[in-house]
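Peer 1: Kindly return the folded structure for what I paste below:
(one chain, ligands or ions: 1)
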Amino acid sequence: MSRQIIVGNWKMNGTSRDSQVLVQALLAGLPPSVPDVVVCPPFTQLALLSDALKPTAVALGAQDCHKDVSGAHTGDISASMLTDLGVSYVILGHSERRQEHGELDETVREKAVAAGKAGLTPIVCIGETEDQRDSGEHFDTLGWQIKGSLPDGFSGILAYEPIWAIGTGRAATTDEIAETMKFLREELVRQFGEAGKTIRILYGGSVNDKNAASILAITDVAGALVGGASLKAEAFLSIIGAASAA
Ligand SMILES: O=C[C@H](O)COP(=O)(O)O
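Peer 2: Predicted coordinates for the structure are as follows:
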C-alpha cells in the first residue's frame, strides 16, 4: 500500500495565535514515521504557518483558489499567489463551497486546471446528499461529479465526502465506504483509463481518533480529509498515528 495522506481542513476557525499553538503541538507530537500530513488553515494564516512549517514534515494547503491567474476578482486568491506563499495543496469543490457559494462542477474543474498549472496538488471534493443516498442516486451523482469536476489529465487527489457525514459525528459505515470506493475506482478507470488507477482517493466526513484506523484500512482509501478533529492536536495526531500504522 502506498503512503497515506492525512489532510486537516481547519475551515473558518482560529486566530493566528490558535494556529501557532496547534501547529507547535502537532510538530511536537508527530510519530517517527509519518504519512503525508497537510494542514489547510484559513487564507489569513498561510503566510505565518508557511514559515513555521517550512523545515518540517507537514505541508501547507489552502481551502480554495480562483480559476484565473490575476484580474478583477475582489476577495479572491489565485493559485499562483498560494504557491508564492509556499502552499503545496489546495482543496477544491468542498460541499460547503458548492452549497454556500453555488460552485458548479465546471468551476471546480477550471480551478483544478489553474491549481495544476501553478504547481499545486488539487484535492477535489465530491459527495452525495442524504436524499441522494436514500433514493439510490448516490453513484449517479458521484459519477457526474467526477466527470464534471476533474479535468482531462487530472493528477491530483479525489476526496469522497458524503455531505450527510460532514460535521455530524455520523461517519459513513465501513461497508458504505468500501462499496463507494470500489465504485469510484471503477469510474476513475472508466473516465481516465490507466491513469485512473493511480489517482489517490481520500474519505472525509466525521473522521475521528476512534474510527480512523478502521476507515484507513479499507481498500483504496488513501487517507482522510479531516475537519473538526483536525482542530484538536491530540485527535489529529491519533489519526496520523493510525495512518502510519495502516
Ligand atoms: O473537509 C473536511 C470535511 O468537511 C469533514 O469535516 P468533519 O471531519 O468535521 O466532518
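Peer 1: Using CSV, write out every CA atom in the longest helix along the chain.
Peer 2: As assigned by DSSP state H, the longest helix anywhere in the chain is helix 174-192. What follows is helix 174-192, C-alpha atoms only, in CSV (Å, rounded to 0.1, in the frame of the first residue of the first chain):
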residue,chain,number,x,y,z
THR,A,174,-17.0,0.9,6.6
ASP,A,175,-19.3,-1.1,4.3
GLU,A,176,-20.7,2.1,2.7
ILE,A,177,-17.2,3.5,2.3
ALA,A,178,-15.8,0.2,0.8
GLU,A,179,-18.7,0.0,-1.7
THR,A,180,-18.3,3.6,-2.7
MET,A,181,-14.5,3.3,-3.1
LYS,A,182,-15.0,0.4,-5.4
PHE,A,183,-17.4,2.4,-7.5
LEU,A,184,-15.1,5.5,-7.5
ARG,A,185,-12.1,3.4,-8.6
GLU,A,186,-14.1,1.8,-11.5
GLU,A,187,-15.4,5.2,-12.5
LEU,A,188,-12.0,6.8,-12.5
VAL,A,189,-10.6,4.0,-14.6
ARG,A,190,-13.6,4.3,-17.0
GLN,A,191,-13.1,8.0,-17.3
PHE,A,192,-9.2,8.2,-17.2
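Peer 1: I'd like the distance from that helix to the chain centre, please.
Peer 2: On the basis of Cα atoms, centre = their mean, to the nearest Å, helix 174-192 sits 17 Å off its chain's mean C-alpha point.
Peer 1: Does that helix reach the ligand?
Peer 2: No - for helix 174-192, no contact with the ligand is found by Cβ under 6 Å from any ligand atom; the gap never falls below 13.5 Å. In this view, the C-beta of every residue, glycine as well, is placed from N, C-alpha and C.
Peer 1: And stretch 4-16, by the same measure?
Peer 2: Yes - using Cβ under 6 Å from any ligand atom, stretch 4-16 reaches the ligand at N9.
Peer 1: gap between L184 and F236?
Peer 2: 25 Å (Cβ to Cβ, to the nearest Å).
Peer 1: Neighbour count for the two, which is higher?
Peer 2: The residue with more neighbours, out of L184 and F236, is F236; 26 against 21, by other Cβ atoms under 10 Å.
Peer 1: Surely that one forms part of a helix?
Peer 2: Yes - assessed by DSSP: H, G, I helix; E, B strand; the rest coil, F236 belongs to a helix.
Peer 1: From G143, how far out is it?
Peer 2: For F236, the distance to G143 equals 32 Å [Cβ to Cβ].
Peer 1: That concludes my questions; thank you for your assistance.
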